[in-house]
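Enquirer: Generate coordinates for the sequence data below:
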Amino acid sequence: MKILKNVTLVIAVLTLSLLSVPRSRAQSTSNAAAVTMTFAVNSSMTVAATPGSIVFTPTDSKNATASAPIAIVTSWNLAVGGGNVFTAAYFASIPAALTNGTLNIPASDVFASVNGGAAGACTLANVNVAAANAGAICPQIFGGIGVAAQGTHSDSLLLSLTSPTAFPVASYAGTITISAQAT
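Expert: Take a look at the predicted model:
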């Protein structure tokens with residue numbers, strides 16, 4: 001019983017000592033660190049064209065058709081909407097759209113049908129796209145007037161060759177460039 005009294009006394013003393021210790025209730029706060037954030041999205045335009053190559057097949061000595069139409073997708077992300085987007089195809093050389101190094105097929109013998117429309121010769125001048133190649137531009141592929149700030153447009157371009165005289169026998173090669181511009 002004496003042990004029980006001693007244990008009780010020790011517990012009572014400890015309890016009273018805990019009650020007499022002041023509790024700390026103060027909080028600490030650190031400084032505030034500021035982080036500056038930036039995010040810049042630049043205006044952009046892209047043109048994708050598939051397939052990457054076509055082959056012309058002669059239908060007779062003065063005409064040839066392309067192996068496939070060229071699928072063209074023009075995409076843009078502009079600073080503001082309401083502007084204009086133009087997509088065009090052109091050749092770097094008016095007298096030699098296709099060449100074997102000696103013999104040439106001029107741009108005027110290349111015809112382009114846009115989205116199944118009537119084929120037109122690639123002899124146009126256009127200040128909107130490829131101005132440096134005036135006279136070597138095919139009919140306009142896309143002319144979006146007052147477009148939204150972001151957008152995409154798909155088109156099809158089918159090329160053919162037509163000459164007033166028979167094409168000389170040779171293996172010809174050339175490149176057509178497709179580009180877009182916003183104004």
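
Enquirer: What's opposite the one residue sitting closest to the centre of the chain in the beta bridge?
Expert: Residue closest to the average C-alpha location in the chain (CA atoms, centre = their mean): T46, at 2.9 Å. On the basis of DSSP bridges, T46 is bridged to S75.

Enquirer: In contact with it, which residues?
Expert: Listed by CB atoms under 8 Å, 6 or more residues apart in numbering, the contact set of T46 reads 74-76, 180. Quick note: C-beta positions are derived from backbone N, CA and C, even for glycine.

Enquirer: Please report how far it lies from L159.
Expert: Here the criterion is CB to CB, to the nearest Å. By it, T46 lies 22 Å from L159.

Enquirer: Can you show me the CA trace of the longest strand that the chain contains as PDB?
Expert: In the chain, taking DSSP state E as the definition, the longest strand is strand 150-162. The C-alpha trace of strand 150-162 is given here as PDB (Å, rounded to 0.1, in the frame of the first residue of the first chain):
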ATOM      1  CA  GLN A 150      -6.100  30.000 -85.100                       C
ATOM      2  CA  GLY A 151      -7.100  27.700 -88.000                       C
ATOM      3  CA  THR A 152      -6.400  24.900 -90.400                       C
ATOM      4  CA  HIS A 153      -7.400  24.400 -94.000                       C
ATOM      5  CA  SER A 154      -7.000  21.300 -96.200                       C
ATOM      6  CA  ASP A 155      -6.700  21.400-100.000                       C
ATOM      7  CA  SER A 156      -5.900  19.100-102.900                       C
ATOM      8  CA  LEU A 157      -3.600  20.100-105.800                       C
ATOM      9  CA  LEU A 158      -3.500  17.900-108.900                       C
ATOM     10  CA  LEU A 159      -0.700  18.700-111.400                       C
ATOM     11  CA  SER A 160      -0.500  17.900-115.100                       C
ATOM     12  CA  LEU A 161       1.800  18.800-118.000                       C
ATOM     13  CA  THR A 162       0.600  20.100-121.300                       C
END
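
Enquirer: by contact count, what packs against that strand?
Expert: On a contact count with 3 or more CB pairs under 8 Å, 6 or more residues apart in numbering; DSSP states H and E, strand 150-162 meets strand 56-60, strand 63-66, strand 70-77, strand 83-90, strand 110-114, strand 142-147.

Enquirer: Tell me which residues are up against the next helix or strand along the chain from that strand.
Expert: Using DSSP states H and E, the helix or strand that follows strand 150-162 in sequence is strand 177-182. Strand 177-182 has contacts (CB under 8 Å, 6+ apart) with 43, 45-47, 49, 70, 72, 74, 76, 78, 83-92, 128-130, 141-142, 157.

Enquirer: Report the buried members of those.
Expert: 47, 49, 70, 72, 74, 76, 78, 83, 85-91, 128-130, 141-142, 157 (16 or more other CB atoms under 10 Å).

Enquirer: Many thanks, we can stop here.
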